[in-house]
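**Student:** Quick one: sequence and predicted model below, then my questions.
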Amino acid sequence: MISLKGLTKRYGDRLAVDDLTLELRPGKVTGFLGPNGAGKSTTMRLVLGLDRPTAGTALVGGVPYHRIENPLRTVGALLDARAVHPGRSGHAHLTALARSNGIPVRRVGEVLEAVGMTDAARRRAGALSLGMSQRLGIAAALLGDPEVLMFDEPVNGLDPDGVRWVRGLMRSLAAEGRTVFVSSHLMSEMQLTADHLVVIGKGRLLVDAPLADVIASSSMTAVVVRTPHAADLADRLRAAGLTVKRLAENELEVAGATIEQVGDLAYEAGARLHELRTRQASLEQVYQELTSGSVEYGAAA
Ligand SMILES: Nc1ncnc2c1ncn2[C@@H]1O[C@H](COP(=O)(O)OP(=O)(O)OP(=O)(O)O)[C@@H](O)[C@H]1O
């Protein structure tokens, strides 16, 4: 479990992280979203003790990172895949990490196999593609078999097979009861991977909720109903206080209602239905709604 309480980081007059309070629970993949510069990497760095908070605390399993004995056995992280000495092989890098963290060296072979890098592990890290570097970074995060895992944009540079592999890995790590915290800008991928979402903008918490709730509460999620009695049904739905849009002669879109509500009201209105379905918003759409006021770095048009 990761607990943030009033976590704040100021760089000069810029608030990179602004009073974040949240708990990341085990057994779930928590997606960490926010526009460029929102403070995601800074938050992860604070959790890992790579930066000191200006105020507040970040705890892993109830203690600050610097007080964890053998930290790699408690929390594994991939922050910057290129942060490996370029002249060192992946194998040598992992072996050094294992030795300095009291981890049996046999784990090196295990994690290299788990990330599909057994063959490339003897090559210089500097000669690896971005995708292979990401895999090596993930291997390092898994090395200590930790309960808590943090990944900053792990699918960056991966091909479609690699992206699918990361998704499966995150899901299986969470299914094993671990806390998985992962940032990404790929909304479609996050929608398939995350159970829970934390969204920040300009350092501030915008959302901390299950993915399904975030999608359901979006104004883009609506009930669509097809009926030969569209006009009468629209009147009935509006009388019940719902917002109705006529999509076509026989088709209505109802916002802010459950499918059961619309079905019941149609029954009461005596309207025959030819179709009744929920049109779910995509995470991409929801994300845009959520962050529209928090984008700092955008193109002019
Ligand atoms: N060492 C630093 N010194 C000064 N400012 C910093 C430093 N690190 C981060 N910042 C600033 O803090 C803010 C948050 O940056 P951060 O990298 O955490 O955002 P992010 O959400 O990870 O962005 P991205 O999606 O682009 O990776 C930015 O405005 C950034 O310029």
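**Tutor:** Ah, there it is.

**Student:** Now do the nearest residue to Ala194 once chain neighbours are set aside, the pLDDT please.
**Tutor:** Distance criterion C-beta to C-beta, 6 or more residues apart in numbering; nearest residue to Ala194, sequence neighbours excluded, is Gly31 at 3.3 Å. C-beta: built from backbone N, CA, C; applies to glycine. Listed pLDDT for Gly31 reads 97.

**Student:** Ok, Ala299 next?
**Tutor:** Confidence score, pLDDT, at Ala299: 64.

**Student:** what about Ser292, how many residues close to it?
**Tutor:** 10 (other C-beta atoms under 10 Å).

**Student:** Need the three-state assignment for Leu247.
**Tutor:** Counting by DSSP: H, G, I helix; E, B strand; the rest coil, the backbone at Leu247 sits in strand.

**Student:** list the contacts for the closest residue in space to Arg178 that isn't next to it in sequence?
**Tutor:** Distance criterion C-beta to C-beta, 6+ apart; nearest residue to Arg178, sequence neighbours excluded, is Glu147 at 5.5 Å. Contact analysis of Glu147 by C-beta atoms under 8 Å, 6 or more residues apart in numbering lists 26, 61, 74-75, 177-179.

**Student:** how about 10 Å then?
**Tutor:** 1, 26, 60-61, 73-76, 173, 176-179 (C-beta atoms under 10 Å, 6 or more residues apart in numbering).

**Student:** quick one: buried residues of stretch 206-217?
**Tutor:** Across stretch 206-217, burial judged by 16 or more other C-beta atoms under 10 Å covers 206-208, 211, 214-215.

**Student:** For it, give me every contacting residue.
**Tutor:** Residues from elsewhere that reach stretch 206-217, judged by C-beta under 10 Å, 6+ apart: 20-24, 28-31, 33-34, 38, 190-201, 221, 256, 258, 278, 280-283, 285-287, 290-291, 293-294.

**Student:** and the end-to-end length of it?
**Tutor:** 14 Å (C-alpha to C-alpha, to the nearest Å).
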